[in-house]
Structure formats: structure tokens, C-alpha cells
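Peer 1: Predicted model follows, preceded by the sequence.
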Amino acid sequence: MTQATEQFSNLEAVLTAQRSAAVNLVPPPDMLPSVWAEKNVRIPIGNAIPGPINFDNAPMQRGILDTIKEPGIRRMDLMLGAQLGKTTVLQCVTGYHIAHEPRSQIMAQPSEGDMATFQETKLKPMLEANPAIAKKMAKPRGRHGVNNSRMISYIGGWLMFSWAGSPKTARGRSAPLTQADEVDGYDTTAEGDFLELLAQRSATFGDDRLDIRSSTPVDLETSRIYKGFLAGDQRRYYVKCPHCEFPQYFKWENVRWDGRQSTSVEDAEKDVGVEHEPTTARYLCADPECGTLWDDGERIMAIREAAAQGAGWIATRPFKGHASFHAPEMASTFRRLRDIVQSYLDKLTLGDLQSFVNVSLGWPFAAGEKADPDGLLKRREEYAAQVPMGGLWLSMGVDMQDDRLEYEIVAWGVGEESWSVERGVIWGDPLLPDVWNDLEAVEAQTFQHESGATLRIEGTCVDTGGTGGMTAAAYAWLQGKTGRRIFGIKGLGGWGIPIVEKPHRKQTGKKKSKFTDLFRVGVDEAKLVVMRRLAQMKVGPGYCHFPLADDWNEEFFKQLTAERLVVRYSKGQPVREWHKNDRDRNEALDCRVYAYAALKIMQPVFKRLALRLSQRVAPAQRPATTTPAATKEWSAKVADTAVKLHDTLKAMQQHANDNKAPQEIPQEERQAQQQQNPDNARPKRRFSGGNKRNWAKHW
């Protein structure tokens, strides 16, 4: 040893380097992640309580964080409300596997923008506040590793960033730890579900893998985090009553205040228009024999002492390697009940109850504009004729597919009450003339009205969307047919867009003289009207009738109700959109929307139509023979028809008096309809002299 050290002139520096190297050979102490976090992690400035992390203020976070060391754990799902420290937990997991127990990691967000926001507002402030973690990582633009917006390397591993909008960001690397945040905001990609692609990145590590998924839940039917919670052991944070020590977890039903009329979010409308006192908010013990009301002090103390009293996170299903957590905002020590109640009342006033359910209660929202297909199937009815008495005007909607045209013919009456009259499929290639010739034959047919009159289709809307030249084929067939009330349409997504905009001329050939009038249809608003009417149970304005026939079968009603209105969150903002499962078909819904668009283009006056039918009823049903029996039967039928027409006119007049508005639509849909372009509205006409009898030629 003496001979070896004598060859160094700076012996003290050598010994220092030797001791430093020996320290790196000592394994890190075996400690729980929560203990390590309290010793090493500081909450950055800008948070509610900056400084060294203290899980006594948020005991739920301790239980979640320590789960990553639980034997056999391979997946975690965190479905938590606001103010419960979900982000803090994920940051502690990241820091723990950088500085204390290095492992390679992949972190995911819904979009590239979300990832950039996370890095700037969450990750970088956390690293700057914790030099002990940052010093283990490569320096930006340094020579010893990578540190950029796509990857950060550190001693013992690396942290890669990916986002659901680009599946390629999760390729090329495998890691034993993956963290996916806000998973309910992930869109399905062309390569499949991004979460499953991400899970494959850790699959090769076997028992050492851990997939962590977290999110605020959104829609009950499509929520990924809710499905993950149900698949796990469903842990809830239990507390004991300060008075009777009854163990329980927090429920919105047990929050009480002066003025509350509802019992749950399902009947929240009872709280509208009522005087409320949020400052009186208390929490009711779940034990009916106790029934005491906790103030905020007692509630917070119960949360902090839960684990010491034998409560805390308790699973309600067996643990099989998958831990799942749920807790609402009432389980936070940083929120007061009065503030939670005030948030509920504010959201209720704005008509945004879903935001409260998702964010504050940490629960998926069950509502959505969607009709019940089974209910529609059961309420089919027998028609007395092809077109029942209430149907006064016919329209047709045509949807174009790669190998067929599908259509529905709808009769419309007072208050836009509707009767489905005919539906069908015309098989064939839309690039060839055969299907269009068959469609021409369908459009030209007539229908027998219950009054005895003959009705024809007065307005047709044909979908012009398609690929491979189908749009051009539709334009070619539509050329010159606007005068026959056959219109080409193009669906336009987005809210606030009129159901029908004024037409613009679309050139269909090299010559300027060849064109077709194309109407743009606001499909989102139109679907909202259609879905609300399908869900309507009371016969009258807006109600939808369907015949008891084979064509209106289970498959038809599944297509008609295939989409539902859901709310998802993009960068923290709620976005309404229509959603359907990938395998579901929705041609029947599209046809109904297009038939409704034809009605809005033409805007018929139902009172005039009813009067015209009443003038034509007797000749249409006069018997060929004059026997007493035939004459009596004819008279009875005419009288019955006259009574029905009189009732129709009376109902129409009553509807106009009740609404006191020119639109013959249900009150709940007025606001959407008032957005119609004034250029597309039917002008008022005055008839006098000889023109009075020829009004039908001018409308």
C-alpha cells in the first residue's frame, strides 16, 4: 500500500476520490417512498403550501405513494377529485426513481401541448426546488447524457416523454415504469389504444413492471380511468366518525346545508331556484344510529388520524396486482365544505353539473343526450295509412356510402312532430348511374295520406361526402335539381353553427354553367335536436313516431341512437362532442338528420298544408258505388277524417297560442333554431285578388 501511494504526489486528493467512489458502492437505504419524499422533496413556490413536503397535511398521498413498493404490484389507477395531490404523487414517484431507486421511465400526456405545459409548470419547478434530484440528471446541452423535451437521462436510467396524439413517441424504448396522466383525454389512434401501446413498453420486464394511470374521469360510458378503477381492488379512503368511530368513506349524499333539496346528483335540478346557505355545510355521519354533523375541523381531524385509527385506504375487492384508488374532494384537508358546496351551486347555475361531478367528486358523469333504442323499438305503432293524419309534409334524407345509398322518408306535422314513413337501402356503386337512377325512382313516388289525399316528397337532402370520386358523382346527379327541391348537403361540425346555412354554388365541371347548390348543415346542432326528440316520451310537438313494420327493427334503432353527446376535457376546458363506438353504425341517424335539414331548408307552413288537405278530403274518398251501405261507410269515414283534421288544426292553433312565436318547434329547441341564417328564412307573403287561390304555387 505504501509503495502504491508513494507514486502519487497528491495523496490527499486520491484518498478523497477513493472515499467518494466507495460511497457509490453502498446500496441506498431501504425506505418507503413517502419517507424518502419527506426527507428530500420540496414543494415549489407557487403551490398552496410550498416548502418541504409533509404528508400529515395530505395523508392520502402517503398511502398511494407507498403502494409502488407493495409486493406484487404491477398496475395502479388513480381516479381522484381536485385538491387531492394527484400530481404531487406522480412527481414524487418520478423523483424517487431518479434519485433513490433509479429506473427507466416513460411519462405520457394526452397531447404534445399538454406535455409541454406539464414540463414547464410542473416538472421543471419541481426539479429546480429539489437540487438533490436534479444533480443526478444530465445537464441541458451537456456532454454526459441527454436532457431535452423528449428525454432526460440520469444515473441508472432515463425519463422519456410521450403523448397519445403521436404513438411514435412511445416507440423504440422499453421501461419498467410507465406513468400516463389524464388518460380520459386520450384519443384513439390509427394504431389502436395508446394505453395498450404504452403498456407493451413495460411488458418485457415481467414482475418488475409498473404501469400507473391517473385521470379526472369524464364520461361514464367511455372513461378509461373508471374502467381501470373497477378492474382493480377499488380502494377508498375510510375515516372514523369523531363521535361514534363508525368507519366510512366520503359521499356527496352526506353533505348537508340549509337549502339543499336534492339527495344526489341525479336529482340536482331540485336545488335550482332555491335559497341556499353554503356556510352551514356539514358532513353527516353514515351511521344512522349516530347521525351527527361534522364541522370542517372534525372532518379534517378524521382524515389526518384515519391511518392511525385503523382506517385509511381500504380495498373492497381482492388484490391481484392491480391497485385502484378513488376519493372525492371532500377527502381533502385543503378544501372547506362551504367552498365545495358553493362550487356545486355555481356549476348548477351554469348548467355544467358534469364539471362538478368529474372534478370535485372524481366520478364519471352518467348523463348525455342519447335515446334508448329498446324504448323506441317497443313504442312502434300501427299507422292507419302510409302517412298518418298528423303528417302533412314529406322529406327524405339520403346518406352515401362506398357501396350503397341509404334513405329515410319522414312525414312532418304541427310542432315538427314526425312520422317515419319509409326507409331503405339502394345497393350499388355510387360512381355508376344505376344507384342514382333508383334513387330518382324513390324520390318520384307518392304516398297515401290517411285523409285520402296523395302526398309526394317535397324536399330531399343528399349527402355529398365521400372518397374516390363519389362526391363528384353526387354533384353530377344533383346538377339542375334544386328547382325540384333536391339539395346537396355537406355536414359541418361545430357548435353554434346554424342547422342549415345559406347555399353556395359548387362548380361541377370545367364549364362555369355546370354547378349545383350546396347547403352546409350544422350536424352537431341538428343531432342535438334529433336526439332530444327521440328521447321525448309525450306525444305532441317534437315527438317521433315509428311504424310497426320489419324495416324498423332492432338494428335500425341501434343506428338511430348510435351516438351520444359527451364532454371531454382538452387542456382543462370542457368540449362537447358526439361519440360512438368504433364498430357501431350510424347511417339511420345521418338519414334522419338530413331529412330534418330538408325541412329546415323548405320551412313549410303547416297550417296551409292542413287547410289544403281538408279541402281535398271528400273527393278523395268518395265511393265508386252508391249503395246505402257504401254511402254510410263513406260518410262515417269522411266525418272521422274531418274530425281528425279539425283536431289537428285546433292543436296547431293551441300550440301557436301557447308559444306566441312564429316557430312551430318545442320551446327547449327555440334557442338553437334562432341561430338560423336570416338569409335562409322564408319571407312573409301577402296574397290578394286572383293570387289568393294560387298560394300553393308561391310557397
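Peer 2: Yes, it's here. Everything numeric in this text was worked out from a predicted model, so none of it was measured.
Peer 1: elements contacting the strand or helix carrying Ser343?
Peer 2: Using DSSP states H and E, Ser343 maps to helix 337-349. Contacts defined by 3 or more Cβ pairs under 8 Å, 6 or more residues apart in numbering; DSSP states H and E place helix 337-349 against strand 255-258, strand 277-284, helix 296-304. C-beta: built from backbone N, CA, C; applies to glycine.
Peer 1: The second one pairs with which strands?
Peer 2: Read it as strand 277-284. Partners of strand 277-284 in the sheet, by DSSP bridges, are strand 255-258 (antiparallel), strand 293-294 (antiparallel).
Peer 1: Poorly predicted segments of the stretch 201-350 of the chain, please.
Peer 2: Scanning the stretch 201-350 of the chain for pLDDT under 70 picks out no residues.
Peer 1: Show me where it has its strands.
Peer 2: Under the criterion DSSP state E, counting those that start in this stretch, the stretch 201-350 of the chain contains strands at 210-215, 235-240, 247-249, 255-258, 277-284, 293-294, 312-315, 322-327.
Peer 1: nearest to Asp187, of those?
Peer 2: Comparison of these against Asp187 by Cβ to Cβ identifies strand 210-215 as nearest, at 13.6 Å.
Peer 1: if we can go back for a sec, so after the helix holding Ser343, what's the next helix or strand?
Peer 2: Next along the chain after helix 337-349, taking DSSP H and E as the criterion, comes helix 353-355.
Peer 1: by contact count, what packs against that following helix?
Peer 2: When contacts are defined as 3+ Cβ pairs under 8 Å, 6+ apart, helix 353-355 packs onto no helix or strand at all.
Peer 1: Swap in 10 Å and give it another go.
Peer 2: Helices and strands touching helix 353-355, as assessed by 3 or more Cβ pairs under 10 Å, 6 or more residues apart in numbering; DSSP states H and E, comprise helix 337-349, strand 564-570, strand 573-579.
Peer 1: any chance of those in TSV, with mean neighbour count too?
Peer 2: Below are the helices and strands packed on helix 353-355 laid out as TSV (neighbours: other Cβ atoms under 10 Å):
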stretch	mean neighbour count
helix 337-349	18
strand 564-570	19
strand 573-579	14
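Peer 1: which one of these lies closest to Arg379?
Peer 2: Nearest to Arg379, of all those, is strand 564-570, at 19.6 Å by Cβ to Cβ.
Peer 1: average pLDDT across the closest one?
Peer 2: Strand 564-570 shows an average pLDDT of 69 in the prediction.
Peer 1: in the chain, which helix or strand is least confident?
Peer 2: helix 670-673 (a mean of 46; mean pLDDT, DSSP states H and E).
Peer 1: ok, and what's touching stretch 124-132?
Peer 2: 37, 39-47, 50-53, 87-88, 91-92, 94-95, 98-100, 118-119, 133-135, 137, 152 (Cβ atoms under 10 Å, 6 or more residues apart in numbering).
Peer 1: picking that back up, how about the strands of the stretch 201-350 of the chain in CSV, adding mean neighbour count and distance to Phe194?
Peer 2: Shown next, in CSV, are these (neighbours: other Cβ atoms under 10 Å; distance: least, Cβ to Cβ, whole Å):
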stretch, mean neighbour count, distance to Phe194
strand 210-215, 24, 11
strand 235-240, 22, 25
strand 247-249, 18, 31
strand 255-258, 16, 36
strand 277-284, 18, 39
strand 293-294, 18, 42
strand 312-315, 18, 28
strand 322-327, 24, 19
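Peer 1: Quick one: those as CSV, columns for distance to Glu554 too.
Peer 2: Putting the strands of the stretch 201-350 of the chain into CSV (distance: least, Cβ to Cβ, whole Å) gives the following:
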stretch, distance to Glu554
strand 210-215, 34
strand 235-240, 39
strand 247-249, 41
strand 255-258, 42
strand 277-284, 45
strand 293-294, 50
strand 312-315, 40
strand 322-327, 35
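Peer 1: quick one, which of the ones you listed is nearest to Arg592?
Peer 2: strand 210-215 (34.2 Å).
Peer 1: Neighbouring strands - and their directions - for the closest one?
Peer 2: Strands that pair with strand 210-215, judged by DSSP bridges, come out as strand 75-80 (parallel), strand 177-181 (parallel).
Peer 1: filter the contacts of stretch 124-132 to the buried ones?
Peer 2: Using 16 or more other Cβ atoms under 10 Å as the burial test, these include 37, 40-44, 53, 88, 91-92, 94-95, 98-100, 118-119, 133-134, 137, 152 as buried.
Peer 1: now the helices and strands packed on helix 353-355 in a markdown table, with distance to Arg256?
Peer 2: Formatted as a markdown table, the helices and strands packed on helix 353-355 follow (distance: least, Cβ to Cβ, whole Å):
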| stretch | distance to Arg256 |
| --- | --- |
| helix 337-349 | 9 |
| strand 564-570 | 28 |
| strand 573-579 | 28 |
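Peer 1: Gly488 is nearest to which of those?
Peer 2: Closest approach to Gly488 among the helices and strands packed on helix 353-355 is made by strand 573-579 (22.4 Å; Cβ to Cβ).
Peer 1: tell me what that closest one is packed against?
Peer 2: If contacts are counted by 3+ Cβ pairs under 10 Å, 6+ apart, strand 573-579 sits against helix 353-355, helix 523-534, strand 564-570.
Peer 1: That strand versus helix 523-534: what angle between them?
Peer 2: Strand 573-579 runs at 70 degrees relative to helix 523-534, counting by axes from the mean of the first three to the mean of the last three Cα atoms, to 10 degrees.
Peer 1: Could you list the buried residues of stretch 542-559?
Peer 2: Judged by neighbour count using 16+ other Cβ under 10 Å, the buried positions of stretch 542-559 are 542-547, 552, 556-559.
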